[in-house]
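Trainee: okay, here's the prediction I keep looking at, along with the sequence it came from:
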Amino acid sequence: MSEFRSFSEAAVLYAQNVRLIAEMQSIFEREVNQRLDLLAEGIREYLPESARFRDQTTSLYRYWWVGPEEESRDKHARIWFLPKNAEIVTDGRLTLNVYVPDTLPGIAAAVKQSLRQPPFDAYCREPKSRWSLVVAEVQISSADDIDVSTRRIADLLNKLESIEASCQAAPGDQQT
């Protein structure tokens, strides 16, 4: 049997404040989701009327893409991010990951090349993870930031959708 030790100071502090911590987490998540909902609403306004903006949240991630309602996000190039990331509040920065599924051949290279060009090169960079093709960072700490960021994200989604459409149309055009 191992030697008995008392609980650490950190464990005791957590136990004494577990309700407060849960309440603070709930407030954090609610306020971040309100900001992200505002951002999503702005993105919808900047997209063309014909674009079908999709917004899906899971327990860990939030996804944005343009595509028909009946199609899953797995069939489209998309943006995903962690809505519980503390940097959203501490730095006012939202880190967006651009992902292209393997089921869309030829699109990944075109997306990567396009996002290296202006205006995307101002806020897009190479990823550190294999789960992202490109990483985009936008500021969302003020009303001005929200306006600029909604335009940037809408432009990014438009670009993803137009590349996807042109790559999918190309094989059919060759057969005609």
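Mentor: Looks like it came in fine. Here the structure is a predicted model, which means the values were calculated and not measured.
Trainee: packing partners of the helix ranked longest in the chain?
Mentor: Scanning the chain for the helix with the most residues, using DSSP state H, yields helix 143-175. Contacts defined by 3 or more Cβ pairs under 8 Å, 6 or more residues apart in numbering; DSSP states H and E place helix 143-175 against helix 18-46, strand 62-66, strand 78-81, strand 93-99, helix 107-114, strand 134-139. Glycine gets a C-beta too; all of them are placed from N, C-alpha and C.
Trainee: turn the ones you listed into JSON lines, including mean neighbour count.
Mentor: Shown next, in JSON lines, are the helices and strands packed on helix 143-175 (neighbours: other Cβ atoms under 10 Å):
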{"stretch": "helix 18-46", "mean neighbour count": "13"}
{"stretch": "strand 62-66", "mean neighbour count": "22"}
{"stretch": "strand 78-81", "mean neighbour count": "21"}
{"stretch": "strand 93-99", "mean neighbour count": "21"}
{"stretch": "helix 107-114", "mean neighbour count": "17"}
{"stretch": "strand 134-139", "mean neighbour count": "19"}
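Trainee: OK, contacts around the spatially closest residue to residue 42 that is not a sequence neighbour?
Mentor: Excluding its sequence neighbours, the residue lying closest to residue 42 (Cβ to Cβ, 6 or more residues apart in numbering) is residue 150, at 3.3 Å. Taking Cβ atoms under 8 Å, 6 or more residues apart in numbering, we find residue 150 in contact with 39, 42, 43, 45, 46.
Trainee: from those residues, pick the one nearest residue 17.
Mentor: residue 39 (31.4 Å; Cβ to Cβ).
Trainee: might one say that the closest one is in contact with residue 151?
Mentor: No: at 10.9 Å, residue 39 does not count as touching residue 151 under the criterion of Cβ atoms under 8 Å.
Trainee: give me the number of residues near the closest residue to residue 36 other than its chain neighbours?
Mentor: Of all residues not flanking residue 36 in the chain, residue 83 sits nearest, at 5.9 Å (Cβ to Cβ, 6+ apart). Neighbour count for residue 83, taken as other Cβ atoms under 10 Å: 16.
Trainee: over to residue 67?
Mentor: Other residues within reach of residue 67, judged by other Cβ under 10 Å, total 19.
Trainee: dump the residue contacts of the residue lying closest to it once chain neighbours are set aside.
Mentor: Of all residues not flanking residue 67 in the chain, residue 76 sits nearest, at 4.4 Å (Cβ to Cβ, 6+ apart). Neighbour list for residue 76: 54, 65, 66, 67, 101, 104, 160, 161, 164 [criterion: Cβ under 8 Å, 6+ apart].
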